[in-house]
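Enquirer: structure, please.
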Amino acid sequence: MGAFIYISVFIFGTIVGSFLNVVILRHNTGRGVTGRSGCFSCGKTLSWYELIPIFSFLTLRGKCGVCQSKISWQYPLVEFANGLLFVFLWAYFDVKTGDIFLLMQFIISCILWSSLLVIFVYDLKHKIIPDRFSLLFAICAVLLVLLGKFIVPGYSVFSHIIGASVLSGFFFILWYTSNGRWMGFGDVKLAFSIGLYLGLSQGLSAFAFAFWIGAGFSLVRLLAPRLAVLLGTKRLSSGGEHLTMKSEVPFAPFLIIGTFLAMILHSDIFHLTTFFNV
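Expert: This next block holds a predicted model:
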């Protein structure tokens with residue numbers, strides 16, 4: 001029975017992930033999310049059996065059934081990632097115990113992390129954080145804080161208020177002093193929601209993870225082409241996209257990864273709870 005539930009939750013997560021792909025694709029294009037999906041190259045309207053999450057991509061071998069144009073790997077990856085997120089959250093909240101409050105936390109968390117998945121992919125593609133999904137994240141964070149206050153004795157709402165203020169304030173200073181060159185204002189709003197969601201101690205841990213991972217990623221991308229030239233496996237051409245010290249790197253994906261790590265590890269890197277209970 002337990003395996004059946006997890007499989008069902010995963011399948012439901014992939015179905016939601018398929019919808020998220022539509023949202024990512026059509027956001028800010030003037031198209032709604034209710035129209036039928038079709039091939040970008042030949043315009044063929046997709047049949048129901050071509051819209052089965054993950055399975056359709058595999059059976060079609062990543063190509064349109066008519067024109068054979070390639071289908072982006074984004075589609076199965078988002079579906080798979082969202083399915084895994086739903087399974088993880090089901091286990092994280094131990095919903096099988098039947099507690100209505102745990103079920104509510106699970107549902108709200110699924111919406112929250114689905115919105116973060118949209119932000120993750122959209123920022124990678126367009127280097128923009130959509131406001132409506134940052135707002136959805138913030139609303140879900142507030143609901144989870146209110147639920148926590150209601151069901152957990154001694155739950156500190158103060159930590160979440162301070163976390164939102166400190167984290168967004170720090171990013172606001174970076175945005176303001178650099179005139180938007182170091183951070184976009186979308187990152188400020190995302191930082192506010194992360195603070196609301198995690199509180200101050202875990203929120204600062206999420207930021208530390210984000211900066212460490214982002215720095216490591218940027219360093220690898222910066223050095224990789226030059227190492228390839230030194231090893232004689234590649235020429236450093238003027239064409240193509242190479243990361244430089246002035247390149248714009250979307251930071252929201254690193255913030256989201258950091259948030260996930262801080263949540264699952266219950267991290268308090270700076271040991272704030274020892275002194276301030278935040």
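
Enquirer: can you map out the helices along the stretch 101-250 of the chain?
Expert: 131-151, 157-177, 185-230 (DSSP state H, counting those that start in this stretch).

Enquirer: closest one to Leu124 among these?
Expert: For these, the distance to Leu124 is smallest for helix 185-230, at 11.9 Å, taking CB to CB. Where you see a C-beta, it was placed from the backbone N, CA and C, and this is true even at glycine.

Enquirer: give me the angle between the closest one and helix 157-177.
Expert: 60 degrees (axes from the mean of the first three to the mean of the last three CA atoms, to 10 degrees).

Enquirer: and stretch 162-178, which residues are buried?
Expert: For stretch 162-178, burial by neighbour count (16 or more other CB atoms under 10 Å) applies to Ile162, Gly163, Ala164, Val166, Leu167, Ser168, Phe170, Phe171, Phe172, Leu174, Trp175.

Enquirer: let's have those in CSV, adding pLDDT.
Expert: Listed next are those as CSV, based on pLDDT from 0 to 100:
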residue, pLDDT
Ile162, 94
Gly163, 94
Ala164, 95
Val166, 95
Leu167, 95
Ser168, 95
Phe170, 94
Phe171, 94
Phe172, 95
Leu174, 92
Trp175, 93
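
Enquirer: list just the nearest of these to Lys127.
Expert: Proximity of these to Lys127 (CB to CB) peaks at Trp175, which lies at 14.6 Å.

Enquirer: just give the nearest non-adjacent residue to the closest one, would you?
Expert: Met183 (4.6 Å; CB to CB, 6 or more residues apart in numbering).

Enquirer: that neighbour is in contact with Thr177, isn't it?
Expert: No - using CB atoms under 8 Å, Met183 is not in contact with Thr177; the gap is 9.7 Å.
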